[in-house]
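> take this sequence and fold it.
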Amino acid sequence: MAERGRYKTRHHDAVLMLLEENKGKCLSVDDVCTALNCRGERIERTTVYRQLEKMTDDGDAVKYISEKGSSALYSLREKSCAPHIHLKCLDCGGLIHLNCSETESFLRHLRDEHSFTISRTNTLIYGHCGCSAQASSGKNEN
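Numbers count the residues shown, from 1 in each chain. Prediction:
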């Protein structure tokens, strides 16, 4: 039995393993279903959704709203990480953990000047990590 009295099922283990293999990336329910189907594991979409929601409730995953606002994205929660803001690359899908003093001053400014407090556990800032620039510069070297 898992912590909090939940049973670990085959479905739970398959979804968790997929999140672990994609550490540092955000996956939608459809991404998880597609990946599991490619492995020959047939798990219904609603079952995958329920497993991801349970993992979020239990603190094993983090849930984000996608950049299009149409679906949620899930990522494995790193147990040793303190709450912080994340940066998500729109090119490669990578997730960067933003832990720096400049972030703290920005969050303080939002709180003090705008009476707005940002959630550090599920806030994503979307942009580009430079992977596409690195990829295009690598092509020019050949």
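> which ones are touching the residue nearest to the spatial centre of the chain?
The chain has Ser75 as the residue nearest its centroid, 2.9 Å off, counting by CA atoms, centre = their mean. Ser75 sits next to Leu19, Gly24, Lys25, Cys26, Leu27, Ala61, Val62, Tyr64, Leu95 when contact means CB atoms under 8 Å, 6 or more residues apart in numbering. Where you see a C-beta, it was placed from the backbone N, CA and C, and this is true even at glycine.
> again, but for Asn22
Asn22 touches Leu76, counting by CB under 8 Å, 6+ apart.
> how near is it to Ser75?
Separation of Asn22 from Ser75 (CB to CB, to the nearest Å): 8 Å.
> repeat for Ile118
18 Å.
> about what we covered before: just the buried subset of the contacts of Ser75, please.
Among the contacts of Ser75, those classed as buried by 16 or more other CB atoms under 10 Å are Leu19, Lys25, Cys26, Leu27, Ala61, Val62, Tyr64, Leu95.
> among those, which lie within helices?
Leu19 (DSSP state H).
> ok, the buried ones among the contacts of Ser75 vs Thr34, which is closest?
Leu27 (9.4 Å; CB to CB).
> can you tell me the closest non-neighbouring residue to that closest one?
Take Leu27 and drop its neighbours on the chain: the residue closest to it by CB to CB, 6 or more residues apart in numbering is Tyr74, 5.7 Å away.
> so who does that neighbour touch?
19, 26-29, 32, 52, 55-56, 61-64.
> how close does it sit to Lys8?
For Tyr74, the distance to Lys8 - CB to CB - is 17 Å.
> tell me what the helix or strand Glu113 falls within is packed against?
Glu113 belongs to helix 101-114 when elements are defined using DSSP states H and E. If contacts are counted by 3 or more CB pairs under 8 Å, 6 or more residues apart in numbering; DSSP states H and E, helix 101-114 sits against no helix or strand.
> alright, I will stop here.
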